[in-house]
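1. Based on what follows, work out the 3D shape:
(one chain, ligands or ions: 1)
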Amino acid sequence: MQDTKKILSVQDISCFGQCSNTVMLPVLSAAGLETVALPTALLSTHTGGFRDFTFLDMTEEMERILSHFRSLSLRFSYLCTGYFGSASQIAILEESLPDLMLPNAPRMIDPVMGDNGSLYPTYTMEFVEEMRRLCRDADLITPNLTEACLLADVPYEGALYDKVKTEKLLDRLHALGAHRVVLTGLMFDDRTIGTVAREVDGKTLVTRAPYVDRRFHGTGDTLMATLIAHLANGVPFEDSVRGAVDFVSDCIADTVPVMDTHWYGLRFERQLSKITALVK
Ligand code: PXL
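-> Below you'll find the predicted structure:
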């Protein structure tokens, strides 16, 4: 019998706030996958809306952890990356990947760098360069429109969907080397949001969901976790994207009634049985 697939999840641990590894771990476990968290930083909370959060950069510890993993001859079936604590972490990770990943193991990269047209304050254009390099060998990338424009080096002109511009953007992201692209957070009109996805040489998939006019944190992390949950369980790409968008939408619907106190992340826990149902 084949052993459980191991997923290496390289992103921060924000102790409170339901994002990155604290979403990735439960979703992937529910999907029957063994999840190994490699923290890039340790924060008291995420940075979206909290003040005075603590931040511990894990760059040096990452080197030590990766070295120990190599000495244990660990081999991972998937790589998944999110928020990095520094630009040098990308090179440090890349150096270890040939030893740590199974042959042809998919790399799933969420190029967390910015939103609403600007880079997050902790990042520079040097970081964008590093991220571009990491996306080159990616099986799947999930940029929002801001991140897609930074990667493709084109100006950001808002999140409203424009068919011609989106196709050009997808072309440029494939040209970087990414095999599958899922563009997130596109507005189709004032009541509909969703993703536009394409496999290299494949057709463009537009996936819509109802728009709720509030700011939700951790939607990108939940989308990526759910995409991996589907794909690693053998669900075809098109159905995986639909399943992931619907899951995020269901989590949003579950969060809205408690939004006054639960503004910092998605209340995803009561939806996890939908992920468990993917396990064969
Ligand atoms: O959800 C992405 C994310 C991950 N990690 C940290 C963040 C954010 C978004 O704000 O602040 C620390």
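2. What number of residues are in the vicinity of residue 55?
-> Counted with other C-beta atoms under 10 Å, the neighbours of residue 55 add up to 14. Where C-beta positions appear, they are placed from N, C-alpha and C, glycine not excepted.
3. my bad, residue 226
-> There are 29 residues near residue 226, going by other C-beta under 10 Å.
4. quick one: it from residue 233, how far?
-> From residue 226 across to residue 233, the span is 11 Å (C-beta to C-beta, to the nearest Å).
5. show me what contacts the spatially most central residue of the chain?
-> By C-alpha atoms, centre = their mean, the mean C-alpha position of the chain lies nearest to residue 110, the distance being 3.5 Å. Applying C-beta atoms under 8 Å, 6 or more residues apart in numbering, we find residue 110 in contact with 11, 80-82, 141-143, 220-221, 224.
6. Flag every residue of the protein that's near the ligand.
-> Within reach of the ligand by C-beta under 6 Å from any ligand atom, the chain has these residues: 12, 14, 19-20, 43, 46-48, 82-83, 112, 218, 220-221.
7. now, the most widely separated pair of these?
-> The most widely separated members of the residues of the chain next to the ligand, counting by C-beta to C-beta, are 43 and 220 (16.5 Å).
8. more neighbours, these two?
-> Using other C-beta under 10 Å, the more surrounded residue of residue 43 and residue 220 is residue 220, with 25 against 22.
9. can you give me the helices in the stretch 151-280 of the chain?
-> Taking DSSP state H, counting those that start in this stretch to define them, one finds helices in the stretch 151-280 of the chain at 163-176, 219-231, 237-255, 272-276.
10. Please state the offset of the last one from the chain centre?
-> Pointing back at helix 272-276 there. 19 Å (C-alpha atoms, centre = their mean, to the nearest Å).
11. Mark which of the residues of the chain next to the ligand are part of helices, please.
-> Under the assignment DSSP state H, those contribute 220-221 to helices.
12. Switch the residues of the chain next to the ligand over to CSV; also include pLDDT.
-> Output for those, formatted as CSV (pLDDT from 0 to 100):
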residue, pLDDT
12, 98
14, 98
19, 97
20, 98
43, 97
46, 95
47, 93
48, 91
82, 98
83, 97
112, 97
218, 96
220, 97
221, 98
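13. and residue 123, how far is that from the ligand?
-> According to C-beta to the nearest ligand atom, to the nearest Å, residue 123 and the ligand sit 11 Å apart.
14. quick one: contacts for that residue?
-> Residue 123 makes contacts with 87, 113-114, as judged by C-beta under 8 Å, 6+ apart.
15. what's the helix or strand for it?
-> Taking DSSP states H and E as the definition, one finds residue 123 inside no helix or strand.
16. again with the one 4 residues further on
-> With the criterion set as DSSP H and E, the secondary-structure element containing residue 127 is helix 125-136.
17. now that helix, how far from the centre of its chain.
-> In terms of C-alpha atoms, centre = their mean, the centre of helix 125-136 is found 15 Å from the chain centre.
18. continuing past that helix, what's the next helix or strand?
-> Following helix 125-136 toward the C-terminus (DSSP H and E): strand 140-141.
19. Now do residue 98, the pLDDT please.
-> Listed pLDDT for residue 98 reads 97.
20. Next, it: secondary structure please.
-> helix (DSSP: H, G, I helix; E, B strand; the rest coil).
21. Enumerate every residue touching the residue of the stretch 51-200 of the chain with the smallest separation from the ligand.
-> Nearest residue of the stretch 51-200 of the chain to the ligand, counting by C-beta to the nearest ligand atom: residue 83, 3.6 Å away. For residue 83, the contact set (C-beta under 8 Å, 6+ apart) comprises 11-12, 19-20, 40-41, 112.
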